[in-house]
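**Q** Predicted model follows, preceded by the sequence.
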Amino acid sequence: MGKFVKKISIRKLIVYSILIGLSVVFIIPLVWMISTSLKPDDEVMLVKLFPSKPQWSNYINAIKSFPFLRYLMNTVFLTVVITFGTVLTGSLVAYSFAKMKWKGRNLFFYITIATMFIPGQVLIVPVYIIYSKIGLVNTYFPLIIPAFLGGGAFTIFLLRQFFIALPDELIEAARLDGASELKIFFKLILPISKPALITVSIFTILFAWNDFFGPLIYLHKSELWTLSIGLRSFQQRYTTNWNLLMAASTLTSLPMIVMYFLLQDKIVNGFKLRGGIF
């Protein structure tokens, strides 16, 4: 018994040591970014973790150096709209695949999943041409429209796996009571699917907030830029001002860092949803 307990303890020690080591590796860039953002100009290139005198004014100067608030509002707008569209339409499509019987359902689901294996780069040119022909380049529609067309194969798969685990008897009882499919979906399915919806929302928020490639392709007017594009422009303009660049980067990352600390339990629980999503 003692040897067994000792073996378990050694195993836990090894696992925890590996996890702590990996955590340090991932945290170091974040700590370096915050530390550099607070350094005065003459200490930026010095290898020291803490500045001798933190320069909080770097954040004010960074905000004044480019239209930070404008880009912030654009990013928040896009993130909210994309998340709403992805959760709404993705859950609708997933529900039809999971709980509604219609001809060709499995075939269309397999086709949907197959799209996950198509590299996004392959579709860049034809999709751009389509949006250009209908005059939607330099608008937010190319970024928003896909969110209202199912939200992507991964979202549909994720939600479908959760919906499959829901008891069919519950839905059949609602149908016998005369409830329509939409009423069942909005009044019954969505309220009991909050864990899955929150998980999808978190993933979508992270993607929409950090998306660089989409805005880079479709948004040519600077007044439409998001924080990711604005930060790149800032980097090109202030290449040598690493403290201001890191201050702008910290401000851009701050909302996602705060969201993680507030929702870390839900993020972890998202990988343990009933029904075996993964």
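**A** On my side now, so go ahead. Residues are numbered from 1 along each chain as shown.
**Q** Report the contact partners of the nearest residue to residue 79 once chain neighbours are set aside.
**A** The shortest distance from residue 79 to any non-neighbouring residue, by Cβ to Cβ, 6 or more residues apart in numbering, is to residue 208 (4.3 Å). Every residue, glycine included, has its C-beta placed from N, CA and C. Residue 208 makes contact with 78, 79, 82, 83, according to Cβ atoms under 8 Å, 6 or more residues apart in numbering.
**Q** same check, this time on residue 109
**A** Each residue near residue 109 by Cβ under 8 Å, 6+ apart is listed here: 97, 160.
**Q** Taking the centroid of the protein, which residue is nearest it?
**A** residue 206 (2.1 Å; Cα atoms, centre = their mean).
**Q** pretty sure it contacts residue 256?
**A** Yes: between residue 206 and residue 256 there is a contact under Cβ atoms under 8 Å: 6.5 Å.
**Q** Just the residues contacting stretch 210-223, thanks.
**A** So stretch 210-223 is contacted by 67, 70, 124, 128, 131, 136-140, 142-143, 224-226, 228-229, 232-233, 256 (Cβ under 8 Å, 6+ apart).
**Q** Which positions in that stretch come out as buried?
**A** Judged by neighbour count using 16 or more other Cβ atoms under 10 Å, the buried positions of stretch 210-223 are 211, 214, 215, 218, 219.
**Q** all helices of the protein, in order?
**A** 2-37, 57-65, 68-99, 105-114, 124-133, 141-144, 153-165, 168-176, 181-184, 194-210, 213-218, 227-237, 242-269 (DSSP state H).
**Q** Which strands and helices lie in contact with the last one?
**A** Taking 3 or more Cβ pairs under 8 Å, 6 or more residues apart in numbering; DSSP states H and E as the contact definition, the neighbouring helices and strands of helix 242-269 are helix 2-37, helix 57-65, helix 194-210, helix 227-237.
**Q** Out of those helices, which gets nearest to residue 113?
**A** With Cβ to Cβ, the closest approach to residue 113 among the helices and strands packed on helix 242-269 belongs to helix 194-210: 16.1 Å.
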